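Colleague: Fold the following.
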Amino acid sequence: MTVKPPFFSILILFWQSEPYLQRCMQALQAQTFQDYEVILLNNGAKQAPDSAALDLIPDAKLKVVHSRTNLGFAGGNNLAAREACGEYLVLLNSDAFPEPNWLATLHQAAQAHPGHCFASRLLKAENSNYLDGEWNVYHASGLVWRKNHNQPAAKSASSPRLVMSACAAASAYPRAAFNLVGGFDEDFFAYTEDIDLDMRLQLAGYPFVYLPQAVVAHVGSGSTSYRSELSVYYGHRNLIWVFVKNMPGFLFYLLLPAHIFFNLLYLIAGFFIPSGKALLRGKRDALKGLPGMLKKRHFIQSRREITLFQFAKLLDWNPLSPLVKILARNPSTKDQND
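Modeller: Below you'll find the model as predicted:
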């Protein structure tokens, strides 16, 4: 007898997130839509996931996968995705707690918009009156940030809309599309790897829809600190790689001066901030990795399915936005990708 695969395969990485896993599993147990499986990857954690948390999900729905080493967010999710059989892959951080109708909202949207990917509305777990973010904004200069991060929840969009990128703390992708573009780029390891994946999906013809009714409470930085050396290094290294790989056609040459300008500002700042050494190492290693990224760019752009105009409409073109973001925080790309 053939067993029908679930509609959703929910991928959860476990690494230094023991305090949150049980609450995450409780939120999945409470979902009104139950046609899912959970792929839990122990991503090199020294401590095994708590059995009390695992017992909340029936054995028939749960598969626990172990990695001896930390594969990063990119490699960990790729490994978990290879174990999945659902029509849609749903990424959920272990420090993210969806409301009961979250999967039902994603399912309804997937039925209405086949071939689309979906972003959730993230609220701060410690205070639901504030947003953790709505979607990832990609500026024409190549800078990135999370829409309405730390803003009052009342400011959030009230209706679905097309966006560039979903925060991978709670997002959904057709599994066939994820596999078509090769999943996450494991050279990124962590930070902005979701933006890179989403831009490749956009270029391949898979749009993203933000769903304000798909609500998830998110702790953020549940396994790494907000401005750790790790986040600054990978965030600033990968920022350059995302632009080089994915900015299509003449937009790359048109916007490259702005990208260089803001990266130079970051380099200068790197000599004056506490995490400056990590920032400078990130920029150095980004340049070392450019030959490999240019090869990937050729492959990605040769298979582009959308027009430059369609892609350009998804960019933030406000010339003041990057300066506002840089002045509002220490030079770090971190608020878009906890």
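Colleague: Tell me which strands the longest strand seen in the chain pairs with, and in which orientation.
Modeller: Of all the segments assigned as strand in the chain under DSSP state E, the longest by residue count is strand 208-218. Strand partners for strand 208-218, identified by DSSP bridges, are recorded as strand 96-98 (antiparallel), strand 117-124 (parallel), strand 161-163 (antiparallel).
Colleague: outside of the last one, which residues touch it?
Modeller: Residues lying outside strand 161-163 but in contact with it, judged by CB atoms under 8 Å, 6 or more residues apart in numbering, are 119, 134-136, 147, 207-210, 314. For every residue, glycine as well, the C-beta is placed using N, CA and C.
Colleague: Buried residues of that strand, list them for me.
Modeller: Along strand 161-163, the positions that meet the burial threshold by neighbour count (16 or more other CB atoms under 10 Å) are Val163.
Colleague: can you give me the helices for the stretch 201-338 of the chain?
Modeller: Chain-ordered helices for the stretch 201-338 of the chain, with DSSP state H, counting those that start in this stretch as the definition, fall at 229-246, 249-269, 276-288, 290-301, 308-312, 321-328.
Colleague: Only the buried residues of the fourth one, if you could.
Modeller: Judged by neighbour count (16+ other CB under 10 Å), helix 290-301 contains these buried residues: 293, 296-297, 300.
Colleague: give me the number of residues near Tyr36?
Modeller: As a burial measure, the neighbour count of Tyr36 was computed by other CB atoms under 10 Å and equals 20.
Colleague: list the contacts for it?
Modeller: 6-10, 28, 61, 86, 90, 103.
Colleague: For it, grab phi and psi.
Modeller: Per-residue torsions, Tyr36: phi -150, psi 160 (degrees, to the nearest 10).
Colleague: what's the answer for Arg303, then?
Modeller: Per degrees, to the nearest 10, the residue geometry at Arg303, taken as phi and psi, is phi -110, psi 20.
Colleague: How about Met247?
Modeller: phi -70, psi 120.
Colleague: my guess is it contacts Gly142, does it?
Modeller: Yes - with contact defined as CB atoms under 8 Å, Met247 reaches Gly142; the gap is 7.0 Å.
Colleague: Need the overlap of contacts for the two.
Modeller: Leu255.
Colleague: Give me the secondary structure label for Val137.
Modeller: Assigned by DSSP: H, G, I helix; E, B strand; the rest coil, the conformation of Val137 is strand.
Colleague: Over to Ala110?
Modeller: Reducing the assignment at Ala110 to three states with three-state DSSP gives helix.
Colleague: Hmm, it is touching Phe118, no?
Modeller: Yes - with contacts counted by CB under 8 Å, Ala110 reaches Phe118, the gap being 7.2 Å.
Colleague: Look at these two and report which has more neighbours.
Modeller: In this view Ala110 and Phe118 are compared by other CB under 10 Å, and Phe118 has more residues nearby, 25 against 20.
Colleague: and the more buried one, what are its bridge partners?
Modeller: As for beta bridges, Phe118 partners with Ala172, Val209 under DSSP bridges.
Colleague: Could I get the contacting residues of it?
Modeller: Going by CB under 8 Å, 6+ apart, Phe118 touches 106, 109-110, 166, 171-172, 208-211, 214.
Colleague: what ranges do the strands span in the stretch 1-150 of the chain?
Modeller: Across the stretch 1-150 of the chain, reading from the start of the chain, the strands by DSSP state E, counting those that start in this stretch fall at 8-14, 36-43, 62-67, 88-92, 96-98, 117-124, 127-133, 136-138, 144-146.
Colleague: helices and strands around the third one, which ones?
Modeller: With contacts defined as 3 or more CB pairs under 8 Å, 6 or more residues apart in numbering; DSSP states H and E, strand 62-67 has these neighbours: strand 36-43, helix 72-82.
Colleague: got it, and the first one?
Modeller: The elements that strand 8-14 packs onto, with contact taken as 3+ CB pairs under 8 Å, 6+ apart, are helix 18-29, strand 36-43, helix 72-82, strand 88-92, helix 102-112.
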